[in-house]
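A.B. asks: Any chance you could fold what I've pasted below:
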Amino acid sequence: MEQPVRILGFVGSLRKGSYNKALMHAAVELKPEDATIEILDLEGILPFNQDLERQPPHVVKEFKAEIRKADALLIASPEYNYSVSGVLKNAIDWASRPHGDNSFEGKSIAIMSASVGRLGGARAQYHLRQSLIALNMHPLNRPEVIMPFAQDNIDANGNVTNEQTKQLIRQLLEALAQWTRKLKDKPQ
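C.D. replies: Next comes the predicted model:
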């Protein structure tokens, strides 16, 4: 049997009751048998400062090391002002800098989003994909996990209650594991 695909997940929200954290916790429960998911909290990552990029804070060094150890990444992103959250953008900037030290290089990645609006974070996902391509990552295209009206689909305990969303998360993770193995098997 092959080694499980090691997925590192992080959420672009610091809010305790974040709907996107609920998506990430559902992913841990729904992951395929041939994968593991570790969740990394973005709390404590200071605002990006280019003056410090060659001597980053310890928390950034740890973040980059965890990304490098992972086979694949999973991001759950809220949508703020039609784009990704500042927390997520900040973490991406730290992990991809300085030039020549991009910890995201060549990684496969899947994206999920939940929002109280009717588009479910779709605009944030599309903006995020632009950055991922610039970072030479390999985003998974389908299935798209976009949960609109999250307040109606996640209970007070932070559990995803929408069965269709759960099925899509399961399919997303299965596809991410397959995509990651396919990319690893490709000759360089």
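A.B. asks: Please enumerate the helices of the chain.
C.D. replies: Remark: helices assigned in the chain by DSSP state H are 19-30, 58-69, 86-96, 122-134, 163-185.
A.B. asks: Check which helices and strands the shortest one is in contact with.
C.D. replies: In terms of contacts (3 or more C-beta pairs under 8 Å, 6 or more residues apart in numbering; DSSP states H and E), helix 86-96 is packed against helix 58-69, helix 122-134. Backbone N, C-alpha and C define where each C-beta goes, glycine included.
A.B. asks: Now do it: distance to the chain's middle.
C.D. replies: Offset of helix 86-96 from its chain centre (C-alpha atoms, centre = their mean, to the nearest Å): 12 Å.
A.B. asks: That helix versus helix 122-134: what angle between them?
C.D. replies: For helix 86-96 and helix 122-134, the angle between their directions (axes from the mean of the first three to the mean of the last three C-alpha atoms, to 10 degrees) works out to 10 degrees.
A.B. asks: now what about helix 86-96, what contacts it?
C.D. replies: With contacts defined as C-beta atoms under 8 Å, 6 or more residues apart in numbering, helix 86-96 is touched by 10, 12-14, 42, 45, 47-48, 53, 56, 60, 63-64, 67, 75, 77, 80, 102-104, 128, 131, 135.
A.B. asks: List buried residues within the residues you listed.
C.D. replies: Neighbour counting by 16 or more other C-beta atoms under 10 Å classes 10, 12-13, 42, 45, 48, 53, 56, 60, 63-64, 67, 75, 77, 80, 102-104, 128, 131, 135 among the contacts of helix 86-96 as buried.
A.B. asks: Roughly how far does the residue nearest the centre of the chain sit from residue 185?
C.D. replies: Centroid-nearest residue in the chain, with C-alpha atoms, centre = their mean: residue 75, separated by 1.1 Å. Applying C-beta to C-beta, to the nearest Å, the value for residue 75 to residue 185 is 24 Å.
A.B. asks: rewinding a little: will you turn the helices of the chain into JSON lines that also has distance to residue 3 and mean pLDDT?
C.D. replies: Below are those laid out as JSON lines (distance: least, C-beta to C-beta, whole Å; pLDDT from 0 to 100):
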{"stretch": "helix 19-30", "distance to residue 3": "19", "mean pLDDT": "97"}
{"stretch": "helix 58-69", "distance to residue 3": "13", "mean pLDDT": "97"}
{"stretch": "helix 86-96", "distance to residue 3": "24", "mean pLDDT": "97"}
{"stretch": "helix 122-134", "distance to residue 3": "24", "mean pLDDT": "93"}
{"stretch": "helix 163-185", "distance to residue 3": "10", "mean pLDDT": "94"}
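A.B. asks: okay, those helices, which one's buried deepest?
C.D. replies: helix 19-30 (a mean of 22; mean count of other C-beta atoms under 10 Å).
A.B. asks: Show me what it is packed against.
C.D. replies: Secondary-structure packing of helix 19-30 (3+ C-beta pairs under 8 Å, 6+ apart): strand 5-11, strand 35-39, strand 72-76, strand 108-114, strand 145-147, helix 163-185.
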